[in-house]
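Peer 1: Generate a structure from the sequence data that follows.
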Amino acid sequence: MVISTSGSQTYVTEMFNGTSSIYSDVTAEKGGSGQYFRPHDLLESAYASCLNITARMVLDDMNVSYDAVTVKVELDRSDEAKTVFKYQIDISGPIEKETKEIVFRKVMNCPVKKTLSKQLEFILES
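Peer 2: All right, here's what the predicted structure looks like:
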């Protein structure tokens, strides 16, 4: 569970998961400070971190050495009928192209993608 609490700055919210805190905000154009992740940035972050972690787990399971994994995710909301997560995965190090392709196939169904691909429901609990 994540708890979001408003602070003294306009539209800044602190999110706490019981262990760590992060902050969210809106852009200065919308009245916020623009200093922190926007809510949609957090969606991109969830998917990017899941892809990154999953890729590293796959590489470790395959006993493949790598230098770093970098994932870029962009949320495209330009079509009102759908949301598109565009992503890139870069695995640096002495890795063959075929091995990278295996990793890319295996990470396509990371846990966050599985969660976001299901039918969503929003329930207000009192």
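Peer 1: which residues touch the closest residue to residue 99 other than its chain neighbours?
Peer 2: Spatial nearest neighbour of residue 99, chain neighbours left out: residue 64 (5.9 Å); criterion: Cβ to Cβ, 6 or more residues apart in numbering. From N, CA and C alone the C-beta is placed, and that goes for glycine too. Contact analysis of residue 64 by Cβ atoms under 8 Å, 6 or more residues apart in numbering lists 95, 99, 103.
Peer 1: Which of these are buried, as a PyMOL select command?
Peer 2: A single PyMOL command selects the buried members of those (16 or more other Cβ atoms under 10 Å):
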select buried, resi 95+103
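Peer 1: Restricted to helices, list the contacts of residue 64.
Peer 2: By the criterion of DSSP state H, membership of the contacts of residue 64 in helices covers 99, 103.
Peer 1: Output the contacts of residue 64 in CSV, with distance to residue 86 appended to each entry.
Peer 2: As requested, those are arranged in CSV below (distance: Cβ to Cβ, whole Å):
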residue, distance to residue 86
95, 23
99, 23
103, 19
